[in-house]
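Asks: Next comes the sequence, and after it the predicted model I'd like to discuss.
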Amino acid sequence: MNAKMVRVRALVVKEFRQIVRDPSSIAIAVVLPVMLILLFGYGLSFDIREAPIAVVDEDGSPDSRAVVAAFQLSPYFAVRLTPSAPRAEALLAANDVGGLIRIRPDFARHLRAGDAEIQVLVTGTDANNARLMEAYASGAIAEWSARSAAEGQPTVVGPAIAETRMWFNDANDSHYFLVPGLIVLVMTLIGSMLTALVMAREWERGTMEALFVTPLRPDELLLGKTIPYFVLGLLGLVLCLAAATLLFHVPFRGSVWMLAGVSMLYLLVALSVGLLISSAVKNQFLASQIVMITTFLPAFMLSGLVFDFRSMPAAVRAVTYVLPARYYVALLQTIFLAGDVWSVILPATAVLGLMAAVLLLATRRVTRKVLE
Amino acid sequence: MMRDVVLRILALIRKELKAVLNDPRARITLFVPPILQCFLFGYAASYDLTDVPYAVVDQDRSQASRELLAQLDGSGIFHRVGDGTVAGDAARALLDRRALVIVQIQQDFERQLQEGGTARVSVIGDGRNSNTAGIATGYVNTVIETFNAQWRQVHGDPGAGPPIRVVSRVWYNPNLETRWDLVPPLIANLSLLQTLLLTAMSVAREREQGTFDQLLVTPLTPTEIMIGKAVPSMIVGTLQATSILLVAIFWFRIPFAGSYATLYVGLLAFLLAAVGIGLLISSIVATMQQGMLFAFVCILPFTLLSGFATPLSTMPKVLQTATLLNPMRYGVDIAKQVYLQGADLHAVLPDLLPLGAMAVVTLSAAAWRFRHRL
């Protein structure tokens, strides 16, 4: 038992030295997570603020000016008053503005006759953005009509109105779900990418066989290889957690222990995926490509982090069920924003635990086979 | 003399292409991942919701409330997962992620409608993904608007003033299909990814295997070696871009509005800049692994800050300025503008010029470094 501990410790120490001395491991373990945090936190946002929009007021009446003012007051738009519709359309075609609001002449007269019309034109080259602009434009118009209703002017409200609220995210801030999602990407990167590369490198350089002739047993080898990257992964987790709460002020409503627990579980899954891939291909370039395709991209695209998997075609949706990232995203978003909700946590951790067990056993099998 | 130079470079190009394409494993990694990603983005990446599970709290249980709910159910998008009069059940469904939205109809819904007051419907979304939830609540709003229009038609319009119609239109993408704006940029996106990786590793591979020294003792000058390394990567990049273009046009049937000549001119400038960056990386690194990592470190911000995933206008000013140095930004812009908006060469000139400048700077820096290292 004691000899075993010594052997594992020796390997762990060697791995740590290798990590510290190799700038490329540091790049994946520290530089990439920090870059992802900053890029995601500051660069990625699904919220519109001060979107440039052209407003053409062809009427010039007090009513139409009130509508224009509603757009100017809206935090979502940066209004560019444009004298004529062709000029505005030119701005739109040149992508200088993302949308165009046109108030026709006779707006005030039509308003009193009950058939007034406001044209909203947006460019669809970014469909999500366009949809948001459309919705916010309707919102600005609705706000104006609510205000004029309060002043006894003609209104457009009713009969039934929807009062929308966003639970767990009252501020409707997309950072609240993007930054926790970032943890998934960082864990995937460290867990799968780094281990796959490092193991593949040992195979490429032939140092793996050198390890095999040592008294090290297969499970000790696995243990010695996983511990350092497990520790690195936890470091990444702490980094992300600090950034999320201190830098981006994402509310944290669950418990830290729960978060740490499920993250370790996911890290185990990611690590064993990386180990499996590297022992299967034994080539750094190929391993990195496979890791990208099978873990990193799906964690970004298919995990429910950005796109809703309920709306994917049935075949793609079926694939999401075997993705560990899917369960981890659900866990993180829930623990961060809703708290320790057992009805979400129990099934998801059960699936992750099962995956970890199966993958670790598979990795152990593969490692043993080579030794024979 | 000139003929010799061309012949030498052609020989090197042939050797490079062979090195890249003769290995079946390398062939697969060059062409399968981009096309796979293209399908992944085309099918999975959509902000359009086709299935919204919702929970109902109908405290009114009236004719009117049933009508509204029937319209939601009949929309083909919403399906009911919880039905009750107790708010707690619905909250449970949302918390468990079984429902994406809760529609709560207040007790006096029908009475308010008949008396011309304001009948309130609470729509609560799951903010754990506020983007998706926002789209879903938007859909609920649309259904309520339809309900309003019908109610007005049947019951007249007591009390309320004249309606304003908001007439919206969307240019270039009339149905607001996410696929339309995600797939065309991939032409630039994925070809940059591979071109950069390929060139970043090409010289490093020779160096690791010791064949770079052999190249140096041939009559090839460093500049010729560089051209010989750049051209094959550009050929591979163009082939990849073409395969993605074909998938976009023939598989996803996204209408191509522009001219192919413009697109390929743009692509040429774009790939030239990509190759320049790749060669620059290649001239700095010592091993393939470092080359790969450097390329990866570049690709990540290139992609995230290209306006591909989220619009540039929502970024902070500092980052917006930083994107001016991002070749992907211009490539994505060219792909979108030419593909969807049918832009001509003149319209994409603001994109071509920075790309050209980048190509000149990176290529000459790489050439300088190659010569310097000798």
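Replies: That came in fine, so what should we check first?
Asks: separation between the closest residue to residue B:193 other than its chain neighbours and residue A:78?
Replies: In space, not counting the residues next to it along the chain, residue B:193 is nearest to residue B:299; the distance is 5.6 Å by C-beta to C-beta, 6 or more residues apart in numbering or on different chains. Glycine gets a C-beta too; all of them are placed from N, C-alpha and C. When distances are taken as C-beta to C-beta, to the nearest Å, residue B:299 and residue A:78 turn out to be 32 Å apart.
Asks: From residue B:345, how far off is residue B:334?
Replies: Note on residue B:334: its distance to residue B:345, by C-beta to C-beta, is 10 Å.
Asks: again, but for residue B:43
Replies: On the measure of C-beta to C-beta, residue B:43 and residue B:345 end up 33 Å apart.
Asks: again with residue A:35
Replies: Summarising the geometry, the distance separating residue A:35 from residue B:345, computed by C-beta to C-beta, is 35 Å.
Asks: List the buried residues for the top helix by length along chain A?
Replies: Across chain A, the longest stretch assigned as helix under DSSP state H is helix A:342-371. Burial within helix A:342-371, assessed by neighbour count using 16 or more other C-beta atoms under 10 Å in any protein chain shown, is assigned to A:344-345, A:348-349, A:351-352, A:355-356, A:359-360, A:363-364, A:366-367.
Asks: returning to that earlier point: between residue B:299 and residue A:78, tell me which one has more neighbours.
Replies: Each of residue B:299 and residue A:78 had its neighbours counted (other C-beta atoms under 10 Å in any protein chain shown), and the higher figure belongs to residue B:299 (19 against 16).
Asks: Show me chain B divided up by domain.
Replies: Each domain of chain B is listed here as a residue range: B:2-45+B:177-373, B:52-155, per automatic domain parsing.
Asks: does any part of the shortest one sit near chain A?
Replies: If I follow you right, that is domain B:52-155. Yes. Judged by C-beta under 8 Å from any C-beta of the partner chain, domain B:52-155 comes into contact with chain A at B:52-53, B:68, B:92, B:94-97, B:100, B:109, B:112-113, B:116, B:118-135, B:137-138, B:140-141, B:144, B:147-148, B:151-152.
Asks: ok, which stretches of chain A are strands?
Replies: All strands of chain A, identified by DSSP state E, fall at A:51-57, A:77-81, A:99-103, A:117-123, A:160-167.
Asks: mind putting these in TSV, mean pLDDT and distance to chain B included?
Replies: Below are the strands of chain A laid out as TSV (pLDDT from 0 to 100; distance: least, C-beta to the nearest C-beta, whole Å):
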stretch	mean pLDDT	distance to chain B
strand A:51-57	87	6
strand A:77-81	87	9
strand A:99-103	85	9
strand A:117-123	80	4
strand A:160-167	64	4
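Asks: for these, which one sits closest to residue B:234?
Replies: If you check each of the strands of chain A against residue B:234 by C-beta to C-beta, strand A:117-123 wins as the nearest, at 31.4 Å.
Asks: partners of that closest one in the sheet?
Replies: Strands that pair with strand A:117-123, judged by DSSP bridges, come out as strand A:99-103 (antiparallel), strand B:165-171 (parallel).
Asks: and the shortest one with strand A:77-81, angle?
Replies: Interaxial angle of strand A:99-103 relative to strand A:77-81 (axes from the mean of the first three to the mean of the last three C-alpha atoms, to 10 degrees): 60 degrees.
Asks: Name the residues that touch strand A:99-103?
Replies: Contacts made with strand A:99-103 from outside it, assessed by C-beta atoms under 8 Å, 6 or more residues apart in numbering or on different chains, are listed as A:51, A:53-59, A:64, A:67-68, A:71, A:85, A:88-89, A:91-92, A:118-123, A:130, A:133-134, A:137.
Asks: Pull out the buried residues from the residues you listed.
Replies: A:51, A:53-57, A:59, A:64, A:67-68, A:71, A:85, A:88-89, A:91-92, A:118-123, A:130, A:133-134, A:137.
Asks: Could you check the pLDDT of the residue lying closest to residue A:362 once chain neighbours are set aside?
Replies: Closest residue to residue A:362 in three dimensions, ignoring its sequence neighbours and counting by C-beta to C-beta, 6+ apart: residue A:276, at 6.1 Å. Here the pLDDT value assigned to residue A:276 is 88.
Asks: Run through the residues that contact residue A:276.
Replies: With contacts defined as C-beta under 8 Å, 6+ apart, residue A:276 is in contact with A:359, A:362, A:363, A:366.
Asks: got those as a markdown table, with pLDDT columns?
Replies: As requested, the contacts of residue A:276 are exported to a markdown table (pLDDT from 0 to 100):
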| residue | pLDDT |
| --- | --- |
| A:359 | 91 |
| A:362 | 88 |
| A:363 | 84 |
| A:366 | 78 |
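Asks: Residue B:327: which of those residues is nearest?
Replies: In terms of C-beta to C-beta, no member of those lies closer to residue B:327 than residue A:359, at 38.3 Å.
Asks: thinking again about what came up before, redo the domains of chain B as CSV? Include mean pLDDT.
Replies: Below are these laid out as CSV (pLDDT from 0 to 100):
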stretch, mean pLDDT
domain B:2-45+B:177-373, 84
domain B:52-155, 83
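Asks: wait, which of these is closest to residue A:174?
Replies: Minimum separation from residue A:174 across these (C-beta to C-beta) falls at domain B:52-155, 5.6 Å.
Asks: Distance across that closest one, terminal residue to terminal residue?
Replies: Using C-alpha to C-alpha, to the nearest Å, the span of domain B:52-155 from its first residue to its last is 30 Å.
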